[in-house]
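Asks: Prediction below, plus the sequence it came from.
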Number of protein chains: 2
Amino acid sequence: MGPVRLGPGAKAALVPATVQVGAGFWGTRRKVNAHSSIPQGPGLLESAGNLNNLRVAAGAAEGAFQGAYPFVDSDVYKWLEAAAWQLAQGAPGDGGPLAADVERIVSLVADAQQPDGYLNTWFQLLKGGERYKDLRWGHELYCAGHLIQAAVAHHRATGRRQLLDVAVRFADHIDSVFGPADSGKPLDGVDGHPEVETALVELYRETGERRYLNLAGYFVDRFGHGLLGGEAYCQDRVPLREATDVEGHAVRQLYLLAAATDLATETGDAGLRAAAERLWSAMTATKTHLTGGLGAHHDEEDFGDPYELPNERAYCETCAAVASVQWSWRMALLTGEARYSDLIERTLYNGFLAGVSLDGERWLYVNPLQVRDGHTDTGGDQSARRTRWFRCACCPPNVMRLLASLAHYLAGGDAGGLQICQYVTGRYTAEGVTVRCETDYPWQGVIGLTVEEAPADRTRTLSLRIPQWCGEFRVRCADTAYDQTDAPVDDGWLRLERTWAPGDQVVLELGLEPRLTAADPRVDAVRGCVAIERGPLVYCLEQVDHPGGGLDDIVLDTTRALTVEHRPDLLGGVTTVVAAGHRRRIPDAGWWPYRSAEGAGAPPAGEPLALTAIPYYAWANRQDGSMRVWLPTS
Amino acid sequence: MGPVRLGPGAKAALVPATVQVGAGFWGTRRKVNAHSSIPQGPGLLESAGNLNNLRVAAGAAEGAFQGAYPFVDSDVYKWLEAAAWQLAQGAPGDGGPLAADVERIVSLVADAQQPDGYLNTWFQLLKGGERYKDLRWGHELYCAGHLIQAAVAHHRATGRRQLLDVAVRFADHIDSVFGPADSGKPLDGVDGHPEVETALVELYRETGERRYLNLAGYFVDRFGHGLLGGEAYCQDRVPLREATDVEGHAVRQLYLLAAATDLATETGDAGLRAAAERLWSAMTATKTHLTGGLGAHHDEEDFGDPYELPNERAYCETCAAVASVQWSWRMALLTGEARYSDLIERTLYNGFLAGVSLDGERWLYVNPLQVRDGHTDTGGDQSARRTRWFRCACCPPNVMRLLASLAHYLAGGDAGGLQICQYVTGRYTAEGVTVRCETDYPWQGVIGLTVEEAPADRTRTLSLRIPQWCGEFRVRCADTAYDQTDAPVDDGWLRLERTWAPGDQVVLELGLEPRLTAADPRVDAVRGCVAIERGPLVYCLEQVDHPGGGLDDIVLDTTRALTVEHRPDLLGGVTTVVAAGHRRRIPDAGWWPYRSAEGAGAPPAGEPLALTAIPYYAWANRQDGSMRVWLPTS
């Protein structure tokens, strides 16, 4: 059970497997989400005014609209979705307190809905009920999309229909209003922020009502025709089917692509599939930060040019990381290809997870790869310091819903058996095969798999993803042993086919030697630098670990070996990587920092310095200070 | 005659000299300004609605306010200032047509003024006469400042008082409204965009009315106390006297510093002087692009962190270059130090001049140091393509007024004689010394100076600035010859003291060997790169000169000599620098652009390629395409 449930005619290579996540790395993060982040949601939504807006819209309270944006309702819906996924797998206190919060807020939403199905408190309270007059910025269908996703989650998790009925009424209303010019419907238009499209596909999947699928298809194909003014920002410059690269606001682009992939999956639309594959490859090859982060510009929160991947001004909005996982997972289901789960892994462990503090109470909206010494922080949503909540609070509940539904993104079943995409301690089930997994990944590379259930009468294939970053691995399956030189690896998948019996064991050991990574030379921002990685984790330096100076002058010595140390005491338990380096001794340059290149070799090195790198996801959990992922080598 | 005329008690090291600019590099650029840019101003201001706003405010026309910003009046004032400086030194057609335009528009301004002196068409037409309710964004005093500067220029240039009277009435009105809490005046506040402060100092200088100087001093010291909400953006985070670095919106910071320098000059205020010197040094050492461009971020148009100097996202607003010249010139006058004119030279020839096309008809608002292959341009004000006019049209008339008053920024007189800060063909006069200068600088390094007038009864010092970039030079003065090893150079000034006679000659020859320049290693954006410079000019590559591929893969070979060629046919006549290089042959990297650093040496080199560099100021005058200043060396 999770955000994607394929329809009966879906043309997908995989169906999502059933996964129970146990203890371990993600178990810990999900526990914090369940015990800290999600329970705090109602209080934060109350104090920010989101819930009262619903009450006022319902006539149950007095007051002015609170909030700075027309999409504040969506914060409520994303929280509801997160809570629903959490309820589905056990919430603290047997789920009672959380379930009560959920039902209370579901009722607030239901009460705020207008008789014809419309619901948006910004327009109901501030705009005198005006509707669909500002599609470019109004976010009415965007909010509807999040409402629908929450309703589907609530229905799948609890079996209760109250929120689903609200969503269906709203969707029917939208379907009565929007359509092609020749449809006789009042409006031919799309929302400036894609989101309702993927939600409508899921509502079709949940209800079987094909009108929702058709409406999603209509919307997806109406972007790029100037209905929103033709701007790339809101995906209106060029039709998706003709696009050659990702562009515009990153989250908008990614939600639209998730919908296109859903449609290609349900309808077999080859043009949409080709566009999605083309754009995914272009994005990852030229517009993705090492952390999986997406979005180069603070201004417009958008993608930059190819290879424009700045460090301190990386935008890498946390919501874009969530959206990237959602889209890549749909691609993984559609195609069965491993590379989509490669990007999901990288994003989950780095660009996504950095968005929430280790205690689950503070957030990053943007996720830079560098914070300079003496950084002047402007505060606010785009701060490089963690914040309790945001004026534009889209990211926190987005993180909550992805963590609460994480089990959904980890494995799939294909015609031949079970594909394990991500390694977590827990239990995976698909196609009649159940496998128990035990691992201390990503700290240790050993992944122990035990078959608990399998059909006795036929072979099944256990497909294990060999991560794209992995150079060396070993695998033992029954009495056979392979390594990277002779294992049956097919485009990222180690395929183990046999007639499995309960108790059969597979031990996969991924080599976790720390690595130094360089970028394509066209990534100007990191020329002359390397990054430290280990397994799926990108590492960074933080100032707090390097007293006696800042990080702007740090140089990594690439000739010396990297060493690892597991530090259970540090940041909830992390494996650090220690490298050799020094600080440059830069002579006072006076008032002008540019000099003749002749003789401008490396400045004198200072005392040798041990550089202690921590996983990027754990940065900004101690004192404020500088940070950097990419380290100069001279 | 020019924008700064020191008051009788000023504590300045220099007074502006009188300079007539003849033919040559700047003569050509000023001719384009006089014949093309300035004459087109009234038509553009008419079609953008600025002039009609004034008519409507005067009750002389009907119509709605036109324009997107509350500061559109300032476009008119800056154009008037430019036109006035142009009239002062001869405009096309004996100045008749321009003078008529000026007087017509001055009358429009005068008619729009309200009886009590207030004038701002945004608030008069759109806000029902509401005043000073939105000091953070209203720009009322900002516009007043530009009105005052235009009025001072008009009075100095024509001797006519009509616009000066308007300015005085407005200034008196402002002085009656704004003051310290204990002054009994209605408002204790400052404008969110500094500008009126430096203008009020000049109005004091023009009228002798000390109230204006005091009002300027009050305003400057009220920034940084939270009156505007405490944001760095509008210079309100910290009082200038306590600031340790430039911050916030670049133009706001620079205009405020110009005012602080004016105040220090007129009042001897040591605290303001110290702040200005401290902030200038911090800015140039850590926040200035090679072109002299200022401002790192598109978002907020502000300064970034120290050494945060991106290339393709350099903001480097043209207005910030204008403001930098204005501030540095005030510092040069106050201190007599050469380094301020070093920065002025660099800014004029590069970051400033790139803001206007060679034909004077198209503009850049932002001035990036790189445009990538396949750049997606969003258009609008922040485009990397030249534009005929802007929605926010602050830059074009700012360029016009600086070019029209350029003679003012070239030389000064000190107690001992004449300081030549910038070398142009023309005639320099100060302290009884007149020197004729003939030069083909910056294409040639020879600067011939002939004394035309000098006191016969005493020595005078002719001070010649040896530019900060200059490694080798020779000078002949009468029968003495020096070079860089033995010339009497004192902190950037070559001091030649003697009793000069008409006909005496000095020949200075600055070495113009092209140079490769590297940045401080903390400037992450250009690590592993060099830039080509020659004399005061920064060079760049443009795609149009490098057929057969883009610029993202270009590598410069630093072991091969640079050669120069003067091309009278190219871009109005430029000296090109030709370097050896190649394009990398980057193997297809698949979907992920990051690789193990081991063995990630330079990719294979392609065929040798001659790289033709043109002066940066001349870029974007041919077909659209990629461009880069900083060139990778491997």
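Replies: Yep, it's here.

Asks: Next, the contact list for A:Ile344, please.
Replies: A:Ser324, A:Val325, A:Ser328, A:Trp329, A:Ala332, A:Tyr409, A:Cys421, A:Gln422 (Cβ atoms under 8 Å, 6 or more residues apart in numbering or on different chains). Backbone N, C-alpha and C define where each C-beta goes, glycine included.

Asks: Which member of those is positioned nearest chain B?
Replies: Ranked by distance to chain B (Cβ to the nearest Cβ), the contacts of A:Ile344 are led by A:Ser328 at 11.4 Å.

Asks: Near chain B, which residues of the stretch 101-250 of chain A? Just list them.
Replies: A:Ala232, A:Tyr233, A:Asp245, A:Glu247 (Cβ under 8 Å from any Cβ of the partner chain).

Asks: What is the nearest of these to chain B?
Replies: A:Glu247 (5.9 Å).

Asks: Distance-wise, check the closest one relative to A:Leu135.
Replies: In this view, A:Glu247 and A:Leu135 are 20 Å apart by Cβ to Cβ, to the nearest Å.

Asks: Tell me where the stretch 351-500 of chain A has helices.
Replies: A:395-404 (DSSP state H, counting those that start in this stretch).

Asks: Any idea which residue of it lies closest to chain B?
Replies: Residue nearest to chain B within the stretch 351-500 of chain A: A:Arg372 (4.3 Å; Cβ to the nearest Cβ).

Asks: Could I get the contacting residues of that residue?
Replies: If you count contacts by Cβ under 8 Å, 6+ apart, then A:Arg372 has A:Glu312, A:Gly550, A:Leu551, A:Asp552, A:Ser626, B:Asp305, B:Pro306, B:Tyr307, B:Glu308 around it.

Asks: same thing but 6 Å
Replies: A:Glu312, A:Asp552, A:Ser626, B:Asp305 (Cβ atoms under 6 Å, 6 or more residues apart in numbering or on different chains).

Asks: Ramachandran coordinates for it?
Replies: Main-chain dihedrals, A:Arg372, degrees, to the nearest 10: phi -80, psi 160.

Asks: which residues are in contact with stretch A:88-102?
Replies: With Cβ under 6 Å, 6+ apart, stretch A:88-102 has contacts from A:Met1, A:Ala34, A:His35, A:Pro42, A:Ala83, A:Leu87, A:Ala157.

Asks: State the distance from the nearest residue to A:Leu364 once chain neighbours are set aside to A:Tyr132.
Replies: Spatial nearest neighbour of A:Leu364, excluding adjacent residues (Cβ to Cβ, 6 or more residues apart in numbering or on different chains): A:Gly355 at 5.1 Å. Distance, A:Gly355 to A:Tyr132, by Cβ to Cβ: 32 Å.

Asks: So these two - more neighbours on which side?
Replies: A:Gly355 (26 against 18; other Cβ atoms under 10 Å in any protein chain shown).

Asks: so the more buried one sits right up against A:Val399, yeah?
Replies: Yes. Applying Cβ atoms under 6 Å, one finds A:Gly355 in contact with A:Val399, separated by 5.4 Å.

Asks: Neighbour-wise, which one of the contacts of A:Ile344 leads?
Replies: Ranking the contacts of A:Ile344 using other Cβ under 10 Å puts A:Ser324 first, with 30 neighbours.

Asks: Confirm that one sits in a helix?
Replies: Yes. Assessed by DSSP: H, G, I helix; E, B strand; the rest coil, A:Ser324 belongs to a helix.

Asks: who's in contact with it?
Replies: Neighbours of A:Ser324 in contact, by Cβ under 6 Å, 6+ apart: A:Leu254, A:Leu294, A:Thr347.

Asks: Now A:Gln623: phi and psi?
Replies: Taking degrees, to the nearest 10 as the convention, A:Gln623 sits at phi -80, psi 160.

Asks: Pretty sure it sits against A:Val544.
Replies: Yes. With contacts counted by Cβ under 6 Å, A:Gln623 reaches A:Val544, the gap being 5.4 Å.

Asks: Looking at the two now, which is surrounded by more residues?
Replies: A:Val544 (16 against 8).

Asks: any idea what that one is structurally, helix, strand or coil?
Replies: Quick answer, by three-state DSSP: A:Val544 is helix.

Asks: Isn't it up against A:Asn621?
Replies: No. Using Cβ under 6 Å, A:Val544 makes no contact with A:Asn621, being 9.8 Å away.

Asks: Report the two of the contacts of A:Arg372 separated the most.
Replies: Across those, the longest distance by Cβ to Cβ is 10.6 Å; it joins A:Glu312 and A:Asp552.

Asks: Report the contact partners of the closest residue in space to A:Arg628 that isn't next to it in sequence.
Replies: Leaving aside its sequence neighbours, A:Arg628 sits nearest to A:Gln370 (Cβ to Cβ, 6+ apart; 4.5 Å). Counting by Cβ under 6 Å, 6+ apart, A:Gln370 makes contact with A:Asn311, A:Glu312, A:Arg628.

Asks: ok, now A:Leu353?
Replies: A:Leu353 neighbours (Cβ under 6 Å, 6+ apart): A:Tyr617.

Asks: I'd like the distance between A:Phe352 and A:Arg534.
Replies: With Cβ to Cβ as the criterion, A:Phe352 and A:Arg534 are 18 Å apart.

Asks: Tell me which of these two has more neighbours.
Replies: Neighbour count, other Cβ under 10 Å: between A:Phe352 and A:Arg534, A:Phe352 has more, with 28 against 22.

Asks: my read: that one touches A:Cys319, true?
Replies: No. Using Cβ under 6 Å, A:Phe352 is not in contact with A:Cys319; the gap is 9.8 Å.

Asks: how far away is A:Glu607 from A:Gln543?
Replies: Taking Cβ to Cβ, one finds A:Glu607 at 17 Å from A:Gln543.

Asks: quick one, which of those two is more surrounded?
Replies: Taking other Cβ under 10 Å, A:Glu607 and A:Gln543 do not tie; A:Gln543 has more neighbours (20 against 8).

Asks: Give me the pLDDT value at the more buried one.
Replies: Per-residue confidence (pLDDT) for A:Gln543: 97.

Asks: What number of residues are in the vicinity of the spatially closest residue to it that is not a sequence neighbour?
Replies: Leaving aside its sequence neighbours, A:Gln543 sits nearest to A:Gly625 (Cβ to Cβ, 6+ apart; 3.3 Å). By the criterion of other Cβ under 10 Å, A:Gly625 has 17 neighbours.

Asks: wait, is A:Gly625 part of a strand?
Replies: No. With three-state DSSP as the criterion, A:Gly625 is assigned coil and is not in a strand.

Asks: For B:Met627, see how far away it is.
Replies: 36 Å.

Asks: again, but for A:Pro3
Replies: 45 Å.

Asks: Spell out which residues of chain A are next to chain B.
Replies: Within chain A, the positions near chain B by Cβ under 6 Å from any Cβ of the partner chain are A:247, A:281, A:284-285, A:290, A:298-299, A:305-306, A:308, A:312, A:339, A:372, A:374-376, A:516-520, A:522, A:527-528, A:530, A:552, A:591, A:593-595, A:597, A:600.

Asks: hmm, which of the residues you listed are the buried ones?
Replies: A:247, A:284-285, A:290, A:298-299, A:305-306, A:308, A:312, A:339, A:372, A:375-376, A:516-520, A:522, A:527-528, A:530, A:552, A:591, A:593-594, A:597, A:600 (16 or more other Cβ atoms under 10 Å in any protein chain shown).

Asks: count of neighbours near the residue nearest to A:Arg585 when sequence neighbours are not counted?
Replies: Nearest residue to A:Arg585, sequence neighbours excluded (Cβ to Cβ, 6+ apart): A:Pro604, at 4.6 Å. Number of residues near A:Pro604 (other Cβ under 10 Å) recorded here: 10.

Asks: Give me the sheet partners of the helix or strand encompassing A:Ile614 and which way each runs.
Replies: Assigned by DSSP states H and E, A:Ile614 belongs to strand A:605-615. Its sheet considered, strand A:605-615 pairs with strand A:537-542 (antiparallel), strand A:574-584 (antiparallel) by DSSP bridges.
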